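> give me the fold of what follows.
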Amino acid sequence: MARKYIKLQIVNGVAQVVIDRPDKYNALNFAMFKELDDVISELRKELTVRVVILSGAGGNFSSGLDVKSVIQSPIQPVKLLFKWLPGNANLAQRVSFGWRNLPIPVIAVLEGCCFGGGMQIALGADIRIAAEDARLSIMEAKWGLVPDMAGLVSLRELVGKDQALLLTMTAKIMSARESLDKGLITEIDSEPMQRALALASEIANTSPDANAAIKMSINRSWGASVRSLLSRESISQVRLLLGGNRIIAAKRQSHKAKSEADARSGSKPEYKQRQAWW
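Prediction:
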């Protein structure tokens, strides 16, 4: 489908998703929520995708919700927040939580401003690589609102409760260095997109089934009981042992162990597409 604000390109198993409204610092209007949700759904079905890189156009990740645009139509806030059951994710929450639910590693490249709703989306990624001059803020309190896009699911895993309260209540704008010190981002790099591409290439060389199992096991077991964790580990391992990519991973490691001269004589076995059950 044609999208106006969210660009998706898949090359060699790496999906690049770009929030593309640079004239508004990639501020989020209603159409962008819909398009992000559609992209997440599409990527879930793309079994050949190994890694997702999420970024913003024009040197900024996102300045957050475009409040003026969203409230122009009374029905748009309703559509963003509506859910059939309180425990379900609504549209506003799916564009953050949806990245966590993808059985694919997601890397967010943070440049310029990453505020409010933009920060909530970034928190849904598995890895966050920030430019040296990036600025980050959980900004909802500034507008008299509570962060309500599911970013708190990740935030509680990244920082202590006191820091979560401090960051959300003050709406403080932090530098990349301060964000790294607090654990909100994974790395700082002078060329964050190049670093993300290199990391994506590294991850793409490992089994997509193993990566899916690792991501799901960690996300779903992080705060779960030990019994739940042990059960999920065992189920995942059985699935991996029965899948073809585990054998291919072993062959690739054997290939790597050969002498350099021998290695040049043959190519590494290619992974099959990701198993659909993750």
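> switch to C-alpha atoms for all contacts and neighbour counts from now on
Noted.
> how many residues are close by F82?
Applying other C-alpha atoms under 10 Å, we find 15 residues neighbouring F82.
> err, V52, not the other one
Counted with other C-alpha under 10 Å, residues neighbouring V52 total 27.
> so it belongs to a strand, correct?
Yes: the assignment for V52 is a strand, going by DSSP: H, G, I helix; E, B strand; the rest coil.
> do you know how far it is from E42?
12 Å (C-alpha to C-alpha, to the nearest Å).
> L242 too?
On the measure of C-alpha to C-alpha, L242 and E42 end up 26 Å apart.
> please apply the same query to Q76.
For Q76, the distance to E42 - C-alpha to C-alpha - is 23 Å.
> and for I188?
The gap separating I188 from E42 is 30 Å, by C-alpha to C-alpha.
> of the two, who's got more company?
Counted by other C-alpha under 10 Å, I188 and E42 do not tie: I188 has more neighbours, with 21 against 12.
> where does that one land on pLDDT?
On the pLDDT scale, I188 is placed at 98.
> likewise A92?
Value for A92, per-residue pLDDT: 91.
> tell me which element it falls in.
Assigned by DSSP states H and E, A92 belongs to helix 91-101.
> contacts for the helix or strand that comes right after that helix next, please.
Downstream of helix 91-101, the first helix or strand assigned by DSSP H and E is strand 106-110. Residues from elsewhere that reach strand 106-110 (C-alpha atoms under 8 Å, 6 or more residues apart in numbering): 51-56, 60-61, 99, 122, 125-131, 134, 192-193, 196, 200.
> what about strand 106-110, distance to the chain center?
Remark: strand 106-110 is offset 6 Å from the chain centroid, using C-alpha atoms, centre = their mean, to the nearest Å.
> that one to helix 91-101, inter-axis angle?
Between strand 106-110 and helix 91-101, the angle comes out at 120 degrees (axes from the mean of the first three to the mean of the last three C-alpha atoms, to 10 degrees).
> which residue comes closest to the residue nearest the centre of the chain once chain neighbours are left out?
With distances taken as C-alpha atoms, centre = their mean, the residue of the chain nearest its centroid is A125 (2.2 Å). Excluding the flanking residues, the one nearest A125 by C-alpha to C-alpha, 6 or more residues apart in numbering is V106, at 5.1 Å.
> check the one you found and give its pLDDT.
98.
> list the buried ones in the helix holding A92?
Buried positions in helix 91-101, judged by neighbour count with 16 or more other C-alpha atoms under 10 Å: L91, A92, Q93, R94, V95, S96, F97, G98, W99, R100, N101.
> from those residues, which is closest to D23?
The nearest member of these to D23, counting by C-alpha to C-alpha, is V95 at 21.2 Å.
> how far away is the closest one from D162?
For V95, the distance to D162 (C-alpha to C-alpha) stands at 26 Å.
> next one: G116
Counting by C-alpha to C-alpha, the gap from G116 to D162 is 19 Å.
> low-confidence regions, the chain specifically.
Applying pLDDT under 70 to the chain flags the ranges 1, 256-266, 278.
> all helices for it, in order.
30-45, 67-71, 75-81, 91-101, 117-123, 151-158, 161-170, 176-182, 192-204, 208-221, 226-242, 244-257, 260-264 (DSSP state H).
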